[in-house]
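J.: Any chance you can model this:
(chains A and B)
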Amino acid sequence: MFYRSFAKICDPVKKFESLVFQRMKAQLQHLLEQSLSALKQQGVLPEDFSPRIQVDRTKDISHGDLATNLALMAAKPAKQNPRALAQALVDNLPSSALVEKTEIAGPGFINFYLNPNWLSEQVSQMAKSERCNVAKAQQLQTVVVDYSAPNVAKEMHVGHIRSTIIGDAVVRTLEFLGHNVIRANHIGDWGTQFGMLIANLEDLEQGQGEDNIDLADLEAFYREAKQRYDSDEVFAERARNYVVKLQGGDEYCQKMWKKLIDITLDHNQAVYDRMNVSLSKQNVMGESQYNAMLPGIVEDLLAQKLAEEDQGAIVVRLDEYKNKDGDPMGVIIRKKDGGYLYTTTDIACAKYRVQELGADRVMYFIDSRQHQHLMQAWTIVRKAGYVPENVPLEHHAFGMMLGKDGRPFKTRSGGTVKLVDLLDEAQERASQIVEEKSQYLEPQERQHVASVLAQASVKYADLSKNRTTDYIFDWDNMLAFNGNTAPYLLYAYSRIQSIFRKAEIDQQGFSAPIILEHDAEVALAQKLLQFSDTVNAVANKGMPHMMCNYLYELAGSFMSFYEACPILKDGTSEADKNSRLQLATITAKVIHQGLDLLGIETLERM
RNA sequence: GCACCCGUAGCUCAGCUGGAUAGAGCGUCGCCCUCCGGAGGCGAAGGUCACAGGUUCGACUCCUGUCGGGUGCGCCA
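T.: Residues are numbered from 1 along each chain as shown, chains lettered A, B, ... in the order given. Below you'll find the predicted structure:
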């Protein structure tokens, strides 16, 4: 069945040329390790002392560029004063091109000052690198990412936006690092509501003719079916009948059901395309896909004595969760009428992803209300041995979308806000801004700018927040040109493009030695080198807001640099001009790459 | 009743694996226009990190309790 098309397991990821970039933290860690083992040989430290060596960026330049607390951690096992130990660590540190000098500060921190020559070399490499110095992951994994998950016969609404956008950004980031990513769109395509939907579709077809069905407004269709189900007993009876027949595999009902799915997927795809979300119909893995697995799972859980019968239903008792009497909570996996529940589906789903798709890691981008439910399902999954302990099942939760007034985000009449309406409004607001501020652009380009701006603003507003609780949706905030917003980043990017236009230099192929003299130049160079760490952090934690924060800081560093270090002004030496153009072009490249990983386009002019 | 999530500046949010003086933007108040796109930059004011204990050389971060908010909890998904 087409809609069940399992994601094909991709070809084994090609052996890539591993880009060997000296990462500053890793290199320092290595140096410290050597110093540590020297001290062990000298008997200063016990042999079995092997801490995780921590190297951090400092917050204040007076503390150097990087620092370690290693001496503080080692003080106790060494039975030594931390500062004295810090000195011993420094004395045994091999010399390196990376470090210009070290300092011992405070209670026993070791501060490292980076060699500016080393810095400029690294940044120069970045200019040549296709990947902005981001190496592919050393251990390539198959990662299943569950996101978006709208319902059949309903239109996508604001409740789906966060899962869709954040999930898509994480997917792009993982793929950039070389992982084999399987997008899983777990659409709600099963359940008792299909009886009334089929019945309603049937009536609609009889009225309009089978081929003339126009379900432009899925919401209205769903509401109508529900309303008839609640008020018309004859209709309700027919609906209940269809549920049974559908579950029994009745051909006619299956056909009608597929029709509903098909119509919905077309709606959804239009929204995904409009939002530049990388999902396609091939990524649909709906709930119904797991139906065939459910009987076997229940039997297996019974056989394993994890499940038992209780009042006709099959129940798994979990000591980890208590019910209101303080007894182990029973999770029903099969109703007394023989029907299955979504917990059973989610058990099957996790099992399938690991056993059939070969996942090394599974990430779920689902709202926080599902948390407890997922934990229960996964507890059972672990106990039954369907997913080994070394394969993480991760729930990346988020809260509800609230309006500026702190109340649930609704239409004026109190209805759910459809995603298309939200995008339309974004488009309108962005157009207004562009009409006002970009009059020098041709109308056609203005329209393009407005649509990129709209899409970017909506997506970025979501991506830049890390709340697991409810969050506030505010048009004015997300469309502002100040602060951590898409417009600010797009502006910074387009401004760099304009420097090159003005200088009449092609960025492609431009190359010049980098000179780091001014504080602002050094700060910008250091910020550029943090890109690789940021990409990895987003992938490891599934948190795209870390990329947003980074890009915002980068743009800020660039703006400060641009203010302090003239590029095309008279009085700037040729060498400085070229060096600064080089820094500008790398900055643009990183912003472009970073936004691309977030699923956001850039603008050459705005 | 039980469970999960959360509580950081007036507002919206950061704060990475426990590190040095808790950071941005908006708003408020200043400064910088013979300016490379002012859609910008620089600065000031604004904090009992909900509260109370504990662990630690060191806690916004970890543990316990209290208060406050959100959400969920046997036959819907």
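
J.: Enumerate every residue touching A:L603.
T.: A:449, A:452-453, A:490, A:493-494 (CB atoms under 8 Å, 6 or more residues apart in numbering). C-beta coordinates here come from the backbone N, C-alpha and C atoms, glycine included.

J.: Which one of those is nearest to A:V381?
T.: A:V452 (42.1 Å; CB to CB).

J.: for that closest one, what are its contacts?
T.: Contacts of A:V452 by CB under 8 Å, 6+ apart are A:490, A:601-603.

J.: quick one: it is in a helix?
T.: Yes: with DSSP: H, G, I helix; E, B strand; the rest coil as the criterion, A:V452 is part of a helix.

J.: measure it to RNA strand B for me?
T.: 11 Å (CB to the nearest atom of the strand, to the nearest Å).

J.: so can I have TSV of the contacts of A:L603 showing pLDDT and distance to A:E428?
T.: Output for the contacts of A:L603, formatted as TSV (pLDDT from 0 to 100; distance: CB to CB, whole Å):
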residue	pLDDT	distance to A:E428
A:V449	95	14
A:V452	96	15
A:L453	95	12
A:L490	96	18
A:Y493	96	24
A:S494	95	22
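
J.: I'd assumed A:V331 was in a strand, is it?
T.: Yes: counting by three-state DSSP, A:V331 is part of a strand.

J.: hey, what's it bridged with?
T.: Counting by DSSP bridges, A:V331 forms beta bridges with A:V316.

J.: Point me to the residue of the stretch 151-300 of chain A nearest RNA strand B.
T.: A:G191 (3.4 Å; CB to the nearest atom of the strand).

J.: Is that residue in a helix, a strand, or coil?
T.: Following three-state DSSP, A:G191 is assigned to coil.

J.: Any idea how many residues pack against it?
T.: The number of residues packed near A:G191 is 17, by other CB atoms under 10 Å.

J.: With A:N241 instead?
T.: The number of residues packed near A:N241 is 15, by other CB under 10 Å.

J.: same thing with A:K255?
T.: 10.

J.: Please list the outside residues in contact with the helix or strand containing it.
T.: When secondary structure is defined by DSSP states H and E, A:K255 falls within helix A:251-275. By CB under 8 Å, 6+ apart, the residues outside helix A:251-275 that reach it are A:1, A:3, A:148, A:150-156, A:164-165, A:187, A:189, A:194, A:197-198, A:201-202, A:213, A:215, A:218, A:242, A:245-246, A:277-281, A:284, A:286, A:419-420, A:423, A:455, A:458-459.

J.: Give me the PyMOL select line for those residues, limited to the buried ones.
T.: Of the contacts of helix A:251-275, the buried ones can be selected in PyMOL as follows, counting by 16 or more other CB atoms under 10 Å:
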select buried, chain A and resi 3+148+150+151+152+153+154+155+156+164+165+187+189+194+197+198+201+202+215+218+242+245+246+277+278+279+284+286+419+423+455+458+459
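
J.: Is it possible to get JSON lines of the contacts of A:V452 that adds secondary structure?
T.: Formatted as JSON lines, these follow (three-state DSSP):
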{"residue": "A:L490", "secondary structure": "helix"}
{"residue": "A:E601", "secondary structure": "coil"}
{"residue": "A:T602", "secondary structure": "coil"}
{"residue": "A:L603", "secondary structure": "coil"}
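
J.: biggest separation within those residues, which pair?
T.: Longest span within those, CB to CB: A:L490 and A:E601, 8.7 Å.

J.: So for those two, which residue has more residues nearby?
T.: Using other CB under 10 Å, the more surrounded residue of A:L490 and A:E601 is A:L490, with 25 against 15.
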